[in-house]
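Engineer: A structural model of the following input is requested.
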Amino acid sequence: MILETKQLKKMIGNGVDEFVTELDTVYVFCKNNYDCNLQATVSVKWVFNTELRDYGIKSINAYTVQAQATITNLETNEVVEIIDTNELDGWTVEDEGLNYNNSICPSQCSIDYKDSSIIIDW
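Structural biologist: Numbering: from 1, shown residues only. Model prediction:
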């Protein structure tokens, strides 16, 4: 169990090109399987940019700039760990499957304890 005093600072997007998406029921896996009996909620701060030219759109980009996760034990409902990728504690964030055909926002994610990474699926 972690210390109760550690709190995450709430992330806020500006609603123009910076957004925050809340993802519940995030899978946590250890040693390449889902059997570690942990689950998380994750807040994802992300940016959406377009580069425009007089002839049209040159590029469209969306990417994660920060992720915050609260990991809990499914049996006891105790908070096991709190992660903030802005704190340089070895955790990284990876974006996967960005698709511009539909709504652009993170749809789900997973947490990999083996790699200390949070994988954001778009």
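Engineer: residue ranges with poor pLDDT in the chain?
Structural biologist: Along the chain, segments meeting pLDDT under 70 span 1-6, 31-35.
Engineer: Around S117, how many other residues sit close by?
Structural biologist: Applying other CB atoms under 10 Å, we find 17 residues neighbouring S117. Heads up, the C-betas are built off the backbone N, CA and C, glycines and all.
Engineer: in the sheet, who's paired with it?
Structural biologist: According to DSSP bridges, the residues that bridge with S117 are T92, D112.
Engineer: just checking, it touches E94?
Structural biologist: Yes - using CB atoms under 8 Å, S117 is in contact with E94, at 5.6 Å.
Engineer: which residues are contacting stretch 92-108?
Structural biologist: For stretch 92-108, contacts defined as CB atoms under 8 Å, 6 or more residues apart in numbering pick out 19, 21, 23, 26, 44, 46, 48, 60, 62-64, 66-67, 85, 115-122.
Engineer: got the phi/psi numbers for G90?
Structural biologist: Main-chain dihedrals, G90, degrees, to the nearest 10: phi 100, psi -10.
Engineer: Pretty sure it sits against S117.
Structural biologist: No - assessed by CB under 8 Å, G90 is found out of contact with S117, at 9.7 Å.
Engineer: what's the overlap in contacts for these two?
Structural biologist: Among the neighbours of G90, none is also in contact with S117 (CB under 8 Å, 6+ apart).
Engineer: Tell me the secondary structure of S59, please.
Structural biologist: Three-state call for S59 (DSSP: H, G, I helix; E, B strand; the rest coil): strand.
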